[in-house]
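Enquirer: Structure here, sequence nowhere to be found:
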């Protein structure tokens, strides 16, 4: 089942069910007005939503043309947005470029920061910033939406609490990060609003693409229509989503509708070193800073610029039949 939030005159929009091929949608306001309402009552509304989804895919219910430009992120805002660093290879490369060794604890203790969740961007909304010199970067990620999770929940109980999967663009202002991090309180100003895919997809819909708490697909990242990354989401993921959420729930309850991000997807090369660019025959990178990091390691300095005004980023995942699973994130950098 694929769910989305249609834009309307309200902040939280209107919940709709979308067909597998992303061509049509049906209204489900009589079941749940919003995505958050559906999540808060998931056990009560799931089968009703699934029935609508099945009828939609079989063309047995009233349906309308689905337009990805007319939807918000599946959750336009949420009670919790926690972004993780599940791909420790990314952290290792960044540290190596700075000549700093990665602490061993990073390999067995997940790193998570609490992001701003009050105002997510739509998947086709522009990225508006005041100054391109802030170092605007993209971060292609996998994200999950959870049910309510009690404090202290263990992995076996958490497995059934991941309700849906999305992809995300966790935008970073790289040149603002160092000063902010050095103050010791973590990201805030350097992390503007995140955007998510047009649709959220239930675990059962993903089938064999979801194994052991990981999405096993290729995430495609294009900058100005030029391939930047073709990374494998299930490979080199040090911590799966079960482990990440268990870590977060150790000290707190997690509300229904909590979103957890994987962090920048990052692959090692076949020899265990940094991945090569697409042009060089590698799988490239899911963010610009990793490309700049590899340039620094190999060439002594970064060459690739961060995003400039007018640049466009595109993030999507295609299945084996070259069909979009989550829809497309496509955003242009503009001056605010």
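Expert: Here it is on my side, so go on. Keep in mind that this is a model prediction, so the values were computed, not measured. Residues are numbered from 1 along each chain as shown.

Enquirer: thinking residue 212 is in contact with residue 241, fair?
Expert: No: using C-beta atoms under 8 Å, residue 212 is not in contact with residue 241, being 9.4 Å away. Backbone N, C-alpha and C define where each C-beta goes, glycine included.

Enquirer: Please pick out the residue of the protein most distant from its centre.
Expert: residue 60 (32.4 Å; C-alpha atoms, centre = their mean).

Enquirer: Okay, now stretch 117-134: how far is its last residue from its first?
Expert: From its first residue to its last, stretch 117-134 covers 21 Å (C-alpha to C-alpha, to the nearest Å).

Enquirer: pLDDT on it, on average?
Expert: Across stretch 117-134, the average pLDDT comes to 98.

Enquirer: How about stretch 296-314?
Expert: 96.

Enquirer: in that stretch, what counts as buried?
Expert: By neighbour count on 16 or more other C-beta atoms under 10 Å, the buried set for stretch 296-314 is 296, 302, 306, 307, 311, 313, 314.

Enquirer: so what pLDDT did residue 271 get?
Expert: The model's pLDDT for residue 271 equals 87.

Enquirer: so after the helix ranked longest in the chain, what's the next helix or strand?
Expert: Ranked by residue count and defined by DSSP state H, the top helix of the chain is helix 42-57. Per DSSP states H and E, helix 42-57 leads on to strand 64-65 as the next helix or strand towards the C-terminus.

Enquirer: Neighbours of residue 176, how many?
Expert: Residue 176 has 19 neighbours, counted by other C-beta atoms under 10 Å.

Enquirer: could you pull out the helices for the stretch 201-336 of the chain?
Expert: Using DSSP state H, counting those that start in this stretch, the helices of the stretch 201-336 of the chain run over 203-206, 241-248, 288-299.

Enquirer: Highest mean neighbour count across these, which stretch is it?
Expert: Stretch with highest mean neighbour count among these: helix 241-248 (a mean of 22; mean count of other C-beta atoms under 10 Å).

Enquirer: From the contact counts, what lies against that one?
Expert: strand 112-114, strand 140-146, helix 155-158, strand 162-169, strand 259-261 (3 or more C-beta pairs under 8 Å, 6 or more residues apart in numbering; DSSP states H and E).

Enquirer: to the chain's geometric centre, what's the distance from that helix?
Expert: 16 Å (C-alpha atoms, centre = their mean, to the nearest Å).

Enquirer: any idea of the mean pLDDT in it?
Expert: Rounded mean pLDDT across helix 241-248 is 98.

Enquirer: One more: stretch 183-201?
Expert: For stretch 183-201, the per-residue pLDDT averages 94.

Enquirer: how about that stretch: buried residues?
Expert: Here stretch 183-201 shows 187, 190-201 as buried, counting by 16+ other C-beta under 10 Å.

Enquirer: Among the residues you listed, which lie within strands?
Expert: Secondary structure defined by DSSP state E assigns 195, 196, 200, 201 of the buried residues of stretch 183-201 to strands.

Enquirer: which residues make contact with stretch 177-196 from outside it?
Expert: 73-75, 81, 83, 113-116, 119-123, 125, 127, 129, 134, 143, 166-174, 176, 259, 261, 329, 331 (C-beta atoms under 8 Å, 6 or more residues apart in numbering).

Enquirer: Phi and psi next, for the residue farthest from the centre of the chain.
Expert: phi -120, psi 20 (degrees, to the nearest 10).

Enquirer: that older thread, show me what the longest helix of the chain packs onto, helices and strands only.
Expert: Using 3+ C-beta pairs under 8 Å, 6+ apart: helix 42-57 touches strand 14-18, strand 24-27.

Enquirer: that older thread, now the helices and strands packed on helix 241-248 as JSON lines including distance to residue 251 and mean pLDDT?
Expert: Below are these laid out as JSON lines (distance: least, C-beta to C-beta, whole Å; pLDDT from 0 to 100):
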{"stretch": "strand 112-114", "distance to residue 251": "11", "mean pLDDT": "94"}
{"stretch": "strand 140-146", "distance to residue 251": "16", "mean pLDDT": "98"}
{"stretch": "helix 155-158", "distance to residue 251": "15", "mean pLDDT": "95"}
{"stretch": "strand 162-169", "distance to residue 251": "20", "mean pLDDT": "98"}
{"stretch": "strand 259-261", "distance to residue 251": "15", "mean pLDDT": "98"}
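
Enquirer: In a markdown table, list these along with distance to residue 222.
Expert: As requested, these are arranged in a markdown table below (distance: least, C-beta to C-beta, whole Å):
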| stretch | distance to residue 222 |
| --- | --- |
| strand 112-114 | 27 |
| strand 140-146 | 10 |
| helix 155-158 | 34 |
| strand 162-169 | 12 |
| strand 259-261 | 20 |
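
Enquirer: Brilliant, that's me finished.
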